[in-house]
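Q: Pasting a predicted model and its sequence here:
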Amino acid sequence: MRGATSEGSLLKRVDTIILLVQDVDASVWFYSHIVGMSLKFKSPGWAEFVLGDVHLALHRKTPELLEKQDALATLGISINFEISDAEAMAQRFRKLGINPIGGIKDYEFGLYFFVNDPDGYIVGFREYKPEYATQVDA
C-alpha cells in the first residue's frame, strides 16, 4: 500500500473537513451559535471554522460543484466532536428546540449523542470516560 512504509505514514493529520451545504448562513449559525465553534472566515459561498488543528469548511452546493462530485457521496459523512460535558451540550440543543436523536447514550467509551445539522448531516458529541480520553500532544 502506497504511503504505508516501515518508516511511517506520509500522512501528517486531518487538515480540513468540507461539507457541501444548501445554505451557508444557516450552517454558519448552527456551527457557531449551537455547536459553539469560532468562525475563522466567511465569504458568500464558503465559511471556515478552526478547532485545534482541524478546519471545518462549509461550501455552498452549486450545480457546477454537483456535476463534479456525486451528490450521494455526502450521505455517509458524520462529524464527531469530543466534548467535556455531554449533558450540558445536549441541554444547549434542547433550549434551542433541537432534541438529541435517541437521547444521550452511555457506551463503554463514555457518553454520546447526535443531532442533525441544517443539511441533515449527523453531528455527534462524545464525552469520553477518563480512561478513553484523547491524548493531545503538547
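A: Right, received. Where do you want to start?
Q: Domains in the chain, by residue range?
A: The chain breaks down into these structural domains: 13-62, 78-138 (assignment by automatic domain parsing).
Q: List the residue ranges of the protein that fall below the pLDDT cut-off.
A: Across the chain, the ranges flagged by pLDDT under 70 are 1-14, 63-76, 133-138.
Q: Would you point out which residue is most central in it?
A: Nearest to the centroid of the C-alpha atoms of the chain, with distances taken as C-alpha atoms, centre = their mean, sits residue 79, at 3.2 Å.
Q: And the helices in this protein, which stretches?
A: Counting by DSSP state H, residue ranges of the helices within the chain are 24-29, 63-68, 86-95.
Q: Identify the bridge partners of the closest residue to residue 101 other than its chain neighbours.
A: Distances taken as C-beta to C-beta, 6 or more residues apart in numbering place residue 114 nearest to residue 101, at 5.6 Å, with adjacent residues excluded. In short, each C-beta sits where N, CA and C put it, glycine included. According to DSSP bridges, the residues that bridge with residue 114 are residue 124.
Q: where's residue 110 relative to residue 46, distance?
A: Computed with C-beta to C-beta, to the nearest Å, the distance linking residue 110 and residue 46 is 34 Å.
Q: who has more neighbours, these two?
A: Each of residue 110 and residue 46 had its neighbours counted (other C-beta atoms under 10 Å), and the higher figure belongs to residue 110 (18 against 13).
Q: didn't the more buried one look like it was pressed against residue 129?
A: Yes. Using C-beta atoms under 8 Å as the test, residue 110 is close enough to residue 129 to be in contact (4.5 Å).
Q: Which residues are in contact with each of the two?
A: Both residue 110 and residue 129 lack any common contacting residue under the criterion C-beta atoms under 8 Å, 6 or more residues apart in numbering.
Q: contacting residues for residue 121?
A: Remark: with contacts taken as C-beta under 8 Å, 6+ apart, residue 121 is in contact with 19, 74, 77, 78, 79.
Q: out of these, which is most surrounded?
A: Comparing the contacts of residue 121 by number of neighbours (other C-beta under 10 Å), residue 19 comes first, having 19 neighbours.
Q: Pull out the buried residues from stretch 21-33.
A: Applying a neighbour-count criterion of 16 or more other C-beta atoms under 10 Å, the buried positions in stretch 21-33 are 21, 24, 27, 28, 30, 31.
Q: Fine by me, thanks again.
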